[in-house]
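Enquirer: predicted coordinates and the sequence they were generated for:
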Amino acid sequence: MENIGVTCDVCECCHNVGGCKCDLPQIKVTEQCTCTTQQVETPHYCQNYEKK
């Protein structure tokens, strides 16, 4: 999926710029969350997530 002004509020991700924008040219997004054991406060479905 092409990254066209994607808004992201996952500040722990190293691709997050200025707390709201993704700096990747392309992003991969899953349709649904596969994490059943862990409840994330801000669930995100981005496969490109990398911890800072």
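Expert: Sure, I can see it.
Enquirer: which residues touch the closest residue to G5 other than its chain neighbours?
Expert: Leaving aside its sequence neighbours, G5 sits nearest to K21 (C-beta to C-beta, 6 or more residues apart in numbering; 7.5 Å). To be clear about C-beta, it is placed using only N, CA and C from the backbone, and glycine gets the same treatment. By C-beta atoms under 8 Å, 6 or more residues apart in numbering, the residues touching K21 are G5, V6, T7, C8.
Enquirer: okay, and which of the residues you listed map to helices?
Expert: Among the contacts of K21, no member falls in helices (criterion: DSSP state H).
Enquirer: between these, which sits nearest K28?
Expert: Nearest to K28, judged by C-beta to C-beta, of the contacts of K21 is V6 at 11.6 Å.
Enquirer: got phi/psi on the closest one?
Expert: Backbone torsions of V6, given as degrees, to the nearest 10, read phi -70, psi 130.
Enquirer: what sits against the closest residue to it other than its chain neighbours?
Expert: Closest residue to V6 apart from its sequence neighbours, by C-beta to C-beta, 6+ apart: C22 at 4.6 Å. Neighbouring residues of C22 by C-beta under 8 Å, 6+ apart: N3, V6, C8, C13, H15, N16, C46, N48.
Enquirer: report the buried members of those residues.
Expert: Among these, those scoring as buried are V6, C8, C13, H15, N16, C46, N48 (criterion: 16 or more other C-beta atoms under 10 Å).
Enquirer: can you tell me the closest non-neighbouring residue to N48?
Expert: I27 (5.3 Å).
Enquirer: neighbours around G19, how many?
Expert: 9 (other C-beta atoms under 10 Å).
Enquirer: which element is it on?
Expert: Under DSSP states H and E, no helix or strand contains G19.
Enquirer: okay, now the unreliable bits of the protein?
Expert: Residues of the chain meeting the criterion pLDDT under 70: 31-44.
Enquirer: what about the strands in it?
Expert: Here the chain has its strands, by DSSP state E, at 16-17, 21-22.
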